[in-house]
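A.B. asks: No letters, just coordinates:
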């Protein structure tokens, strides 16, 4: 398992997994894995070093429920406290049970009010971003004025509908482009849309896309080239890029994602 200092320079936003729910609804806490032999002082110093190099480091949220005013306040207060304690730049919303858009929006706006440079990333499942009426999608749109990026999980879902109403198989160029199109055509700015993919076949139960497939999807969306059977009606040169689960899996796979996708992402128009 990697320390923050081990993460390669190709990664610009580093989500630290995972924060844990506490006994108080909505509240979260974070504890370093003792197996890492990593002191809090070393961890905080590594966070600062990455930030000094122009990277953003934030915490990732696991199983937590924000479903009323009290839990929204608890979430905002605890996340703000963790940001202050560890020097995090922001928060990653990775809730596979889905958020309540009303109260998660309230919580994130409260955190943003305390941290003007807040980085907010999201990692919803594919089903959560099929329609702008979904709770995840509504949350993203509600905080669009400060949302950083939605890195939907283009994996573990099986086949899904693209924006043209056709069904596409995961792991393909069409799957990446056809599903990204839903977000791009329903309110999110291209700079707020990223392609979230597994770093290796072992990193997820399905949906692995080889670096060549990811790069083809990036070219298709930004330049209209290298598309599969689905070709967007327009290009999105401002597309944010791609993320992967995870840097640990990538390292165990010879850093293939970083070395082969990092360059094309940083070279986007």
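C.D. replies: Yep, it's here. Every value quoted in this text rests on a predicted model; they were computed, and no experiment measured them.

A.B. asks: ok, residue 52 - how many residues close by?
C.D. replies: By other Cβ atoms under 10 Å, 8 other residues sit near residue 52. (C-beta placed from N, C-alpha, C; glycine too.)

A.B. asks: Numbering from 667 from now on, please.
C.D. replies: Got it, first residue is 667 now, which makes that one residue 718.

A.B. asks: Distance-wise, check it relative to residue 806.
C.D. replies: Residue 718 sits at a distance of 30 Å from residue 806 (criterion: Cβ to Cβ, to the nearest Å).

A.B. asks: how about the strands of the stretch 667-816 of the chain, start to end?
C.D. replies: Assigned by DSSP state E, counting those that start in this stretch, the strands in the stretch 667-816 of the chain fall at 679-687, 694-695, 722-727, 756-759, 785-788, 815-819.

A.B. asks: what helices or strands is the first one leaning on?
C.D. replies: For strand 679-687, the packing partners by 3 or more Cβ pairs under 8 Å, 6 or more residues apart in numbering; DSSP states H and E come out as strand 694-695, strand 722-727, strand 785-788.

A.B. asks: lowest-confidence stretch among those strands?
C.D. replies: Mean pLDDT is lowest for strand 722-727 among the helices and strands packed on strand 679-687, at a mean of 73.

A.B. asks: give the contact list for residue 888.
C.D. replies: By Cβ atoms under 8 Å, 6 or more residues apart in numbering, the contact set of residue 888 is 901-903, 905, 934-935.

A.B. asks: go with 6 Å
C.D. replies: Residue 888 makes contact with 901, 903, 905, 934-935, according to Cβ atoms under 6 Å, 6 or more residues apart in numbering.

A.B. asks: Please tell me which one of these counts the most neighbours.
C.D. replies: Compared across the contacts of residue 888, residue 905 has the highest neighbour count, 25 neighbours, by other Cβ under 10 Å.

A.B. asks: any idea of the mean pLDDT in stretch 891-905?
C.D. replies: In this model, stretch 891-905 has a mean pLDDT of 97.

A.B. asks: I misspoke; the intended subject was stretch 852-868.
C.D. replies: Average pLDDT, stretch 852-868: 98.
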